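Q: Pasting a predicted model and its sequence here:
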Amino acid sequence: MQKLNRPFSWLALLGRTVINGIEHAGSLALFALRGIVNLLYPPFYWRIFLKSLIDIGYLSLPVVALTALFSGGVIALQSYTGMAQYHVNSAIASIVVLAVTRELGPVLAGLMVAGRVGAAMAAEIGTMQVTNQIDALRTLSTNPIKYLVTPRLLAATIALPFLVVIADILGVMGGFTVSIIKLGFSPQGYIAATLNAVKPIDITIGLVKAAVFGFLIALMGCYHGYRSRGGAQGVGAATTAAVVAASILLLVFDYLLTDIFFSK
């Protein structure tokens, strides 16, 4: 009898997994919708917004800048290794600027911010949840979503494009520096090739990606922190889940947005 029930137990497990996945997706969608809708009516908590803007933008600048600078240099070195075989070294400047502005600038900045800011948001809100501070907000007739989530969603959506602009500049500078000092390129020729290769649409697409990534990072941090339970262990689990979920969603939406913009 147990052998007969074994296939059905796997089927039941599959069904529970699918149902749980749909439930979490719906819960996340409603959470995001509530966070967005709260922007439409007052009050707006400017102090939380400005603090989040500084935390996400200004304080994340060093790690994003260093990541972009060295990534641009690595792209130049790797491109030279491949292009030298076919004697098309002049294409290195184009490869560096397009790779940085279209992909590496938004993606690397997003991953760095997800690891730093997404974890911090989940830990902060999760701690408030397990210590009943969110319940205290409700007793003071304060909407917790409007107070804790909405300002952070807006701040991340605004801050990440500015970080990506800086990442793009430093990434191109990293490739320029390596190409001039180590690979023997002419500064004037490299700059001319860069300007000829990059188009405004390339930068615009990177900034659109950055805004979407910023929203997703803040959403994952707030969502997992808001749903955390079980004391310090629950906060730790929420922090880990926020970073992992934000990183995965970032890469998924990077593919989707790239397919939308470049499918033609």
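A: Nice, I can see it.
Q: in the longest helix along the chain, what's buried?
A: In the chain, ranked by residue count with DSSP state H as the criterion, the top helix is helix 2-37. Along helix 2-37, these residues count as buried under the neighbour rule (16 or more other C-beta atoms under 10 Å): 28, 31-32, 35. Using the backbone N, CA and C atoms, a C-beta is placed for each residue, glycine as well.
Q: Then stretch 113-132?
A: By 16+ other C-beta under 10 Å, the buried positions in stretch 113-132 come out as 113-130.
Q: Just checking the distance from the one helix or strand residue 249 maps to to the centre of its chain.
A: According to DSSP states H and E, residue 249 maps onto helix 231-262. The chain centroid and the centroid of helix 231-262 are separated by 7 Å under C-alpha atoms, centre = their mean, to the nearest Å.
Q: Now do the buried residues in it.
A: Using 16+ other C-beta under 10 Å as the burial criterion, the residues of helix 231-262 that qualify are 234-235, 237-239, 241-243, 245-247, 249-250, 253-254, 257.
Q: how near is residue 155 to residue 58?
A: With distances taken as C-beta to C-beta, to the nearest Å, residue 155 is found 11 Å from residue 58.
Q: which of the two has more neighbours?
A: residue 155 (23 against 12; other C-beta atoms under 10 Å).
Q: In this structure residue 116 contacts residue 61, no?
A: No. Between residue 116 and residue 61 there is no contact under C-beta atoms under 8 Å: 10.8 Å.
Q: Show me where this protein dips below the pLDDT cut-off.
A: Segments of the chain classed as low confidence (criterion: pLDDT under 70) are 1-8, 84-89, 263-264.
Q: thinking again about what came up before, tell me the helices and strands packed up against the longest helix of the chain.
A: Helices and strands touching helix 2-37, by 3 or more C-beta pairs under 8 Å, 6 or more residues apart in numbering; DSSP states H and E, are helix 150-181, helix 200-226.
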